[in-house]
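In: Okay, sequence plus prediction incoming.
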Amino acid sequence: MSRSLKTAFFSALLVLAVAYPVLGLKLTTVGIKLEVHNASPTLLWTIAGCALLMFVWQLLRQRIGAAWDAAPKLPRVPSQASDFLTLPSTQRWIVLGLVMVALAWPFFGSRGAVDIATLILIYIMLGLGLNIVVGLAGLLDLGYVGFYAVGAYTYALLSHYYGLGFWVCLPLAGLMAAFFGFILGFPVLRLRGDYLAIVTLGFGEIIRLLLRNMTWLTGGPNGISSIDKPTLFGLSFERKAAEGMQTFHEYFGMAYNSVNKVVFLYLVALLLVLLTLFVINRLLRMPIGRAWEALREDEIACRALGMNPTIIKLSAFTLGATFAGFAGSFFAARQGLVTPESFTFIESAIILAIVVLGGMGSQLGIMLAAIVMILLPELMREFSEYRMLMFGALMVLMMIWRPQGLLPMQRPHLELKP
Amino acid sequence: MSQPILEVSGLCMRFGGLLAVNNVALQVQEKQVVSMIGPNGAGKTTVFNCLTGFYKPTAGSILLDGVAIQGLPGHQIARKGVVRTFQNVRLFKDMTAVENLLVAQHRHLNTNFLAGLFKTPNFRKSEREAMAFATYWLDQVNLSEFANRPAGTLAYGQQRRLEIARCMMTRPRIIMLDEPAAGLNPRETDDLKALIGLLRDQHNVTVLLIEHDMKLVMSISDHIFVINQGAPLAEGSPLQIRDNPDVIKAYLGEA
C-alpha cells in the first residue's frame, strides 16, 4: 500500500510539474516588457483537479483494473467475420461498391464535398503508389513526397515555359518521376531498412530544397502560379477560353457554372485512381509482383535463385515513383499553384501513415485510411492546432489495437486447381 | 576422366585473422553425387558460400565447365546453373508452396510489363507453362496435396523437399544441398535419399552435398571430400574414406 501511495504521490507531482509551467503560466507583453502571469483560475483548478485525479487513479489502479477485468466485455468482432473481410474476393466487391459511390458522389455531394473528395483521391493515388514500395517490396521510403514534387513541377514548368496541356504532361510527369526514382534508387537500394529510410528522407528534402533555391527556374519559394486546368478534349472549363479554344459551357450551350470545373477535376482524379488500381492489381499477379513479395520475405533466397535484387527493388521504386508523378501533375493542375512548401516531410509522413494505417499491401485499407486521414482534419477545423496531436494519438491507438492496420488483406494466393 | 563440371583449386577465404578455408581443391564430375564432410566448423558452408557467390573468395579459382566464376555476384552464378539450399530453410513462408515454385521461375517467365498488363496470349501461355512445371515438381517431391498451403505451415521435412523443388525450378546443372537431412527423421531421410538419387539419375543434375548423417553420405555419394579446419584432409570413394585413419582421427580425436 505504501508503495502505491508513493507512486501515486509522485505521479500527481509530475502532472503538476509538467502542466503548471506549460499551461498555467502565461507570458504577456506589457509595454516593451514581458511579464509572467498566472493563467485563469479555472485553468489552474483544472490542473489541480487533474493532479488529484492522477493521484486517485494511481492509488486505486490495481483495484480498478481488477474491477474492469471482472466487468462483462463487449463481444469481440468474431474472427470469422474479420477473416471474411480480409479475403481478397470480398475486398474486391467492397472496392467495387466504393467506386460506384465515388462515381455517383459529384452529382449528389455539394461543391465543398466534391473538392475534399478530390483531395482524398489524390492521397489514395499516392498511398497506392507508396504501397508498392513499402507494402509490397518492403522498402521503407520516407522521401516519397520528392517524386510527388517532381511530378507537380514537371507539369508546372512545362505548362509555364512551353504552354503544354495537362494531358500531354501527365505521362511526361510520370516518366520524369520514374526517372528520378531510378537515378535516386540506383545508389541507395543496396542499403537496407533503417539506412534506406534515412537516405530516402534526405533525398525528399534535397528535392524540395532544390526546388526552393533554383529560383531562376522554379520561382523559388513563390513557386509557379496560374497553371492551366485540364481540358476535356480541348474544351476548357474556365468562364472565358484562351485564344483558339472553346469552353465547355459554350460548346454544349449551357450557362457557365463553376461547379462543372470542380466535378470535372474530381472525375479526372477518379479516372487516375481507377487506372492506378487496375495497374497495381495486374502487377500483383505478374511475375514481378511475386518477385517483390519474395524479396521482402527473403533477399538471400532470391539471390540464390538467380533473381537480381537490385533490379527488382529498382522496379518497385521506379513504379512507385511513377504514380507519385501522376498524382503530382494532377495536384499542380487542381491547385493551379505549386510551391516547395507543399512538399515538406510531413506530406511523406501522412502518405506513409495512410499505408500503415490501412494495412500494408491492402488497397481497400489504403482507401479507407486516406478517407480517414484527410477527412478528419477537414471535419475538425476548429482543432486544427491539435492536428498533429490527433495524428499521433490515432497512430498509437492503432498500433495497440490493430497493428495489422484497418483492413489488412490476405494475399491473393495463386491456387493450383486440381 | 572427362572434364569436371566444377573444378575448384587453391580456394582460400580469410576473415580478418581467421583463415576459414585454406587451399581447398575439389573436382566434381557431371551427374554425380559428391559430398563434403568434416567436423563442425570445418569450413564446409564457407566453401559453399564461396562457390555460390555469397562470399568473394580471397584466393583461388572456381571453374564451371572451364569458365572462371569466382567473384561473380550470387544471382549471376545462380543463372549459370549453380543453385543451393540453406542450412536453415529459407522458403518464402507467407507464400503458398506453388507460389514459391513460381517465384523461382522468375528468370524463365515473360516479365514484360505491358504483356502482363494486358494479359497477352503470350503472357498467359508462359504463366500456364510455369504452373505446369511447378505442378510436375510438386508431384515429384510428393507435395501436390499441399500446393495451396502457405510454405511456412508445412512440416519441416516437407519444407526441405519444397526447397529442393524450388531449386529445380531454375533448371540448374549443379545443386548444392547444405545439410538437407538435418532435423529429419529416419523415414524422411530415406525419402530425401531417394529424391537425391532421382535428381542425379533422371534429371541429370550434379549434386554437391554437405551432410553430417554418415549413413546417408556413405550410401549415396559417388565421391567424398573431407575438410578439417578449413583445409582438405582426404578424398575418395565412400569405402576409402571410411577406412582412412586421418578421417577417423579428425572425427573421433586422437586415440
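Out: Right, received. Where do you want to start? Residues are numbered from 1 along each chain as shown, chains lettered A, B, ... in the order given.

In: so B:M176 sits in a strand?
Out: Yes - looking at B:M176 with DSSP: H, G, I helix; E, B strand; the rest coil, it is inside a strand.

In: surely it meets B:F86?
Out: No - if you go by C-beta atoms under 8 Å, B:M176 and B:F86 don't touch, sitting 9.9 Å apart. Any C-beta I mention is one placed from the backbone N, CA and C, and that applies to glycine too.

In: Between those two, which is the more surrounded one?
Out: B:M176 (26 against 20; other C-beta atoms under 10 Å in any protein chain shown).

In: Now residue 29. Nearest residue, chain neighbours left out?
Out: If you meant another chain, say so; for now it's chain A. Nearest residue to A:T29 in three dimensions, chain neighbours excluded: A:E35, at 7.8 Å (C-beta to C-beta, 6 or more residues apart in numbering or on different chains).

In: looking at chain B here, not the other one
Out: In space, B:Q29 is closest to B:P4, 5.4 Å off (C-beta to C-beta, 6+ apart).

In: Helix, strand, or coil at that neighbour?
Out: coil.

In: Show the contacting residues for it.
Out: B:27-30 (C-beta atoms under 8 Å, 6 or more residues apart in numbering or on different chains).

In: List phi and psi for it.
Out: With angles defined as degrees, to the nearest 10, B:P4 sits at phi -70, psi 150.

In: And A:G234, by the same measure?
Out: The phi/psi pair for A:G234 (degrees, to the nearest 10) is phi 90, psi 0.

In: Looking at the contacts of B:P4, spot the one nearest chain A.
Out: Nearest to chain A among the contacts of B:P4, counting by C-beta to the nearest C-beta, is B:V28 at 18.3 Å.

In: For the closest one, list the residues it contacts.
Out: Neighbours of B:V28 in contact, by C-beta under 8 Å, 6+ apart: B:4-7, B:34, B:174, B:206, B:208, B:223.

In: can you check B:L102 too?
Out: Going by C-beta under 8 Å, 6+ apart, the list of residues near B:L102 reads A:287, A:290, A:414, B:109, B:130-131, B:134, B:169.

In: Rebuild those residues as CSV, extending it with distance to A:V199, neighbour count and secondary structure.
Out: Shown next, in CSV, are these (distance: C-beta to C-beta, whole Å; neighbours: other C-beta atoms under 10 Å in any protein chain shown; DSSP: H, G, I helix; E, B strand; the rest coil):
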residue, distance to A:V199, neighbour count, secondary structure
A:P287, 28, 24, helix
A:R290, 27, 25, helix
A:L414, 34, 18, coil
B:L109, 32, 20, coil
B:A130, 36, 22, helix
B:M131, 39, 17, helix
B:A134, 37, 26, helix
B:M169, 34, 23, coil
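
In: what bits of chain B have low per-residue confidence?
Out: Scanning chain B for pLDDT under 70 picks out B:1, B:110-111, B:254-255.

In: one step back: can you confirm the residue nearest to A:T29 is in a strand?
Out: Yes - with three-state DSSP as the criterion, A:E35 is part of a strand.

In: Count the residues that sit near it.
Out: Neighbours of A:E35 (other C-beta under 10 Å): 10.

In: now B:N100
Out: 27.

In: wait, doesn't it sit right on B:I164?
Out: No - using C-beta under 8 Å, B:N100 is not in contact with B:I164, being 11.5 Å away.

In: For residue 165, list the residues it contacts.
Out: Reading this off chain A. So A:G165 contacts A:159, A:228, A:230-231 (C-beta under 8 Å, 6+ apart).

In: my bad, chain B
Out: B:101, B:137-138, B:140-141, B:143.

In: out of those, who's nearest A:L235?
Out: A:L235 has its nearest neighbour among these in B:L101, at 52.8 Å by C-beta to C-beta.

In: and the closest one, what are its phi and psi?
Out: phi -70, psi -30.

In: now the one 4 residues further on
Out: Backbone dihedrals for B:Q105, given as degrees, to the nearest 10, come out at phi -90, psi 10.

In: burial measure for it, as a count.
Out: 23.

In: can you check A:F84 too?
Out: 11.

In: Checking the nearest residue to it once chain neighbours are set aside next. Helix, strand or coil?
Out: Spatial nearest neighbour of A:F84, excluding adjacent residues (C-beta to C-beta, 6+ apart): A:T90 at 5.8 Å. Under three-state DSSP, A:T90 falls in the helix class.

In: Can you give me the distance of the residue most central in space within chain B to chain A?
Out: In chain B, the residue lying closest to the centroid (C-alpha atoms, centre = their mean) is B:M176, at 1.7 Å. As for B:M176, its distance to chain A is 9 Å (criterion: C-beta to the nearest C-beta, to the nearest Å).

In: sec struct for B:V83, please.
Out: strand.

In: so it sits right up against B:R173, yeah?
Out: No - applying C-beta under 8 Å as the test, B:V83 and B:R173 come out as separate, 9.0 Å apart.

In: With neighbour numbers in mind, choose between the two.
Out: Applying other C-beta under 10 Å to B:V83 and B:R173 shows that B:V83 carries more neighbours, namely 28 against 18.

In: Lovely, talk soon.
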